[in-house]
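J.: I'll drop the sequence and a predicted model, then ask my questions.
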Amino acid sequence: MDQRLLTFRLLQVFRQVVQHGSITAASRALHLTQPTVSLQLKKLSDAVGTPLVDYQQQKLQLTAAGELLYQAAQDIDDRLSELRFQLSQQQSGSIGSISLAVVNTAQYLLPELLAAFYQDYPAVQVTLHIGNRARILERFEQQQDHLYLFSHPPSGDHVHAKPVVRNPLYLVAPLTHWAAKQSKLSFQQLKTERFLLREPGSATRMIFDTWLSSQAIELAHSMQIETNEAIRLSVSAGLGLAVLSAHTLQLPHDRLVILPVQGFPLSSHWYLVRHANKRLPPAAMRLQQFIEQSLAKWHDPLGV
């Protein structure tokens, strides 16, 4: 590798190509032409002395060398960000930039939490990314953010995950449903009902599927809906029953009721996660500590 040919600009272009998954998308993000980005990528490959990307079934993939260079580029960017923070801290006190990524359900936890954090650290800038589990997992593997909130964290030696708050999952029904008037129910009484489910791979879906399997129960009717908000509104409208996190429910404003079903609520937790290979700047460490301390005080307001 010829280090004399490496530049921060080449590494920036490379990072954008990896994170956007294509030269076309990276060129739009960088406001450059596709040929320019392709040429920059070739210069970087020449400097390293080996190809950094290849294409499998028309999808951009990193080579082994590309993986190593991407990790180094991420480390360099983090160290430079930390240097900027330290230099600024000497002049103006506690400031910094944090990238936080959470799965869809966790968005209900964040507004009050971040509002309280900003009261203590008004000069810290937090960028919040929200997506389904597959998207946030992709961001985690690419180390695009400092901290993550998962209800079912990824696995591996590169994962640092700490449970920070309970995430009970309740079985809910419309107010007009016949089961809403019952004081005690078994799931067998409900298994022929239509259930509104998140997409396969979501944490709520995985926990519910695991519970169904442990009880040797198969649902007779189901409908897949991609967001908890849409599921909550659909239950209120009478479309079916659903298993939802206590954090997503807005009782008594929702036109739905929690069913007293044996075995529910299902137990789960939210996890604060970071990538072991990504350095946390001081501002991110402050946010990590703040989240852990704040959520440790949370209790289930439904408690049924």
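T.: On my side now, so go ahead. No experiment lies behind these values; they were computed from the predicted model shown. Numbering: from 1, shown residues only.

J.: Every contact and neighbour count from this point should use C-alpha atoms.
T.: Noted.

J.: Please, which helix or strand holds Ile136?
T.: Using DSSP states H and E, Ile136 falls within helix 133-141.

J.: now swap in Ser234 and tell me
T.: helix 228-236.

J.: List the contacts of that helix.
T.: 104-105, 172-175, 196-198, 225, 240-242, 244, 248-249, 254-256 (C-alpha atoms under 8 Å, 6 or more residues apart in numbering).

J.: before we move on, back to that, pLDDT averaged over the helix or strand that the helix holding Ile136 is followed by, what's the number?
T.: Toward the C-terminal end, the helix or strand that comes next after helix 133-141 (DSSP H and E) is strand 147-150. Strand 147-150 shows a mean pLDDT of 94.

J.: what's the answer for stretch 118-136, then?
T.: Taken as a whole, stretch 118-136 carries a mean pLDDT of 89.

J.: And for stretch 223-233?
T.: Taken as a whole, stretch 223-233 carries a mean pLDDT of 90.

J.: Export that stretch to PDB, keeping only CA atoms.
T.: Output in PDB follows, covering the C-alpha atoms of stretch 223-233 (Å, rounded to 0.1, in the frame of the first residue of the first chain):
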ATOM      1  CA  MET A 223     -52.300 -10.100   8.600                       C
ATOM      2  CA  GLN A 224     -48.800  -8.600   8.300                       C
ATOM      3  CA  ILE A 225     -48.400  -4.800   8.900                       C
ATOM      4  CA  GLU A 226     -45.000  -3.100   8.900                       C
ATOM      5  CA  THR A 227     -45.400  -0.500  11.700                       C
ATOM      6  CA  ASN A 228     -46.600  -0.600  15.200                       C
ATOM      7  CA  GLU A 229     -48.500   2.700  14.700                       C
ATOM      8  CA  ALA A 230     -50.400   1.100  11.800                       C
ATOM      9  CA  ILE A 231     -51.100  -2.000  13.900                       C
ATOM     10  CA  ARG A 232     -52.300   0.100  16.900                       C
ATOM     11  CA  LEU A 233     -54.700   2.100  14.700                       C
END
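
J.: Just checking the distance from that stretch to the centre of its chain.
T.: Computed by C-alpha atoms, centre = their mean, to the nearest Å, the chain-centroid distance of stretch 223-233 equals 18 Å.

J.: Equivalent analysis for stretch 135-154, please.
T.: 5 Å.

J.: so what's Leu185 up against?
T.: Per C-alpha under 8 Å, 6+ apart, neighbours of Leu185: 179, 259-262.

J.: In helices only, show me the residues you listed.
T.: Among those, no member falls in helices (DSSP state H).

J.: Buried among those? Make that a PyMOL selection.
T.: If you want just the buried ones from the contacts of Leu185 in PyMOL, going by 16 or more other C-alpha atoms under 10 Å, the selection is:
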select buried, resi 179+259+260+261
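
J.: would you list the contacts of Leu185 in a markdown table and tack on distance to Leu212 and pLDDT?
T.: Below are the contacts of Leu185 laid out as a markdown table (distance: C-alpha to C-alpha, whole Å; pLDDT from 0 to 100):
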| residue | distance to Leu212 | pLDDT |
| --- | --- | --- |
| Ala179 | 19 | 93 |
| Leu259 | 17 | 94 |
| Pro260 | 17 | 94 |
| Val261 | 13 | 94 |
| Gln262 | 13 | 92 |
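
J.: So which residues of the stretch 1-150 of the chain form helices?
T.: Assigned by DSSP state H, counting those that start in this stretch, the helices in the stretch 1-150 of the chain fall at 8-20, 23-30, 34-48, 64-92, 110-120, 133-141.
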